[in-house]
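*Asks:* Next comes the sequence, and after it the predicted model I'd like to discuss.
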Amino acid sequence: MKKLSFSILAFAAAAGITAQVAAADLVMYDALDFAGHVAEAFTAATGLTVDVVEPGSTGETLGKIAAEGSNPQFDIVWLDGSAVMERMALDKVLQPVPADVYDTIAFTDLGKKLVPQSHAFVPTGASTTAIEVNTTKVPAEQMPKGWGDLPAFAGFVAAKDPNLSGPAYQWLAGIFQTNGVDAGKALLATVLTNKTLSGLSSGGNVNKAILTGDATVGINQDSAIIAKIASGEPVVAVYPTEGSVALPQGLGISANTKHLDAARQFIAFVTSPAGQAAMQEGDDTDFFFMPLIDGVTGKPGRPADVDLLFLDDAVASAHETEWKQWYRDNFVP
C-alpha cells in the first residue's frame with residue numbers, strides 16, 4: 001500500500017489550526033507514486049498550487065470519492081485503470097475532458113488508441129500486468145509462458161485484491177474478456193488456491209511475497225516488477241502468450257470542479273516533456289511507466305514493445321461491482 005500523504009488543509013483541520021490557509025488552485029486525489037512530485041514541478045512551472053490528497057490504494061481513493069457522494073472535494077483524480085475511470089464518468093462523477101484538450105497533446109500511436117471515446121480521462125502513461133517470477137525458485141525450463149501455465153504453481157501464486165488495486169481490476173476484467181467469464185473464473189479457481197497470497201493489497205506486497213519465497217510467481221503490474229529488476233532483485237517479468245491488457249494511467253476532471261482552467265493547465269503540463277520528466281524522477285513502481293507522448297522515452301529497463309490488448313471499458317465498468325465481489329468472496333481472507 002502507498003504511504004498516506006495528508007494535504008495541507010486536512011492536516012490543519014486535524015491539528016485544530018484555525019488560522020486562514022490559502023486555498024489551493026487545484027485539489028487532486030491520486031494513487032500514483034509520482035503524483036506529489038509532479039504537482040510540485042507544476043507549481044514551480046506555473047505558480048498554481050495543488051492540494052495533493054492520497055487516501056492510499058486505488059480502491060481507497062475510489063472509496064473516498066464514493067463517500068463524498070454529491071459533495072465531491074476534488075478537482076482532478078489520477079489513477080491506474082481505464083475501467084474505473086469509465087465507471088466514474090458514467091456515474092457523472094467525472095465530466096468529459098474537453099475535446100480540444102486532446103488536440104494539443106502529441107500522443108504516440110499507442111496513446112491515441114488509449115484515448116477513450118467517452119473522453120472520461122486523459123491517458124498520461126501506461127503499463128500492463130505480467131507474471132512475476134522468482135528466478136531463484138523457478139528453473140528456466142519451468143518458467144511459465146502464460147496465464148494457462150499458472151495452475152502448476154497453485155498455492156504459491158501471489159496476487160492483488162481488485163477491490164483495492166486498480167491495476168488488479170483491469171487485469172481481472174481482461175482475463176474475463178480474453179477467456180470468457182466462466183472459463184476465466186474456472187482458471188482462477190485452479191490458480192489462486194492460497195487466500196493468504198491472493199488477497200494482497202498492493203504490488204509492493206506481491207513483490208515481498210515473491211522475494212521472501214512465500215510465493216514463487218505473482219500476478220503483478222509490470223512496472224512494479226521492472227522497478228525490482230532495476231534494483232537488482234532476482235525476478236523477471238513474463239508477458240503472457242495470451243496477451244497483456246493495457247493499463248493506462250487516467251487523469252480525470254471532477255464534474256463539480258470550479259477550476260476547469262487550472263485542470264486544463266495541469267493536463268497540459270503532465271503531457272509536456274517537463275511533466276513527463278517529473279513523472280520519471282523516482283524509483284518506485286509508477287515511475288517505470290510506458291510513455292504515450294511523442295519524443296519521450298521510458299526509464300532504463302522499461303520495455304517499449306509489449307504486445308498489448310485493449311479492454312472493453314464499457315463491459316468492465318458495467319460489471320465492476322459484481323466481479324470485484326466475486327473475487328472477494330473466493331480469494332480474499
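*Replies:* Structure's in. What do you need? Residues are numbered from 1 along each chain as shown.
*Asks:* What residues does residue 132 make contact with?
*Replies:* By Cβ atoms under 8 Å, 6 or more residues apart in numbering, residue 132 lies in contact with 158, 206-207, 210, 217-220, 224-225, 235-238. (Each C-beta comes from the backbone N, C-alpha and C, glycine too.)
*Asks:* does it sit in a helix, a strand or a coil?
*Replies:* strand (DSSP: H, G, I helix; E, B strand; the rest coil).
*Asks:* Just the strands from the stretch 151-300 of the chain, written as ranges.
*Replies:* Assignment of strands within the stretch 151-300 of the chain using DSSP state E, counting those that start in this stretch yields the ranges 157-159, 217-221, 235-238, 244-245, 247-254.
*Asks:* out of those, which comes closest to residue 47?
*Replies:* Set against residue 47 and scored by Cβ to Cβ, the strands of the stretch 151-300 of the chain come closest in strand 247-254, at 20.3 Å.
*Asks:* could you check the angle strand 217-221 makes with that closest one?
*Replies:* Taking axes from the mean of the first three to the mean of the last three Cα atoms, to 10 degrees, strand 247-254 and strand 217-221 form an angle of 40 degrees between their directions.
*Asks:* Parallel or antiparallel, list what pairs with strand 247-254.
*Replies:* With DSSP bridges as the criterion, the sheet partners recorded for strand 247-254 are strand 76-80 (antiparallel), strand 94-95 (antiparallel), strand 122-127 (antiparallel).
*Asks:* In this model residue 289 seems to touch residue 224, though I could be wrong.
*Replies:* No: with contact defined as Cβ atoms under 8 Å, residue 224 and residue 289 do not form a contacting pair (11.1 Å).
*Asks:* follow-up on the earlier one: I'd like the strands of the stretch 151-300 of the chain written out as CSV, with mean pLDDT and mean neighbour count added.
*Replies:* As requested, those are exported to CSV (pLDDT from 0 to 100; neighbours: other Cβ atoms under 10 Å):
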stretch, mean pLDDT, mean neighbour count
strand 157-159, 98, 27
strand 217-221, 98, 29
strand 235-238, 97, 21
strand 244-245, 93, 24
strand 247-254, 98, 28
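*Asks:* For residue 151, which of the ones you listed is the nearest?
*Replies:* Closest to residue 151 of the strands of the stretch 151-300 of the chain, according to Cβ to Cβ: strand 157-159, at 9.1 Å.
*Asks:* For the closest one, name the packing helices and strands.
*Replies:* In this structure, strand 157-159 packs against helix 195-198, helix 203-212, strand 217-221, with contacts taken as 3 or more Cβ pairs under 8 Å, 6 or more residues apart in numbering; DSSP states H and E.
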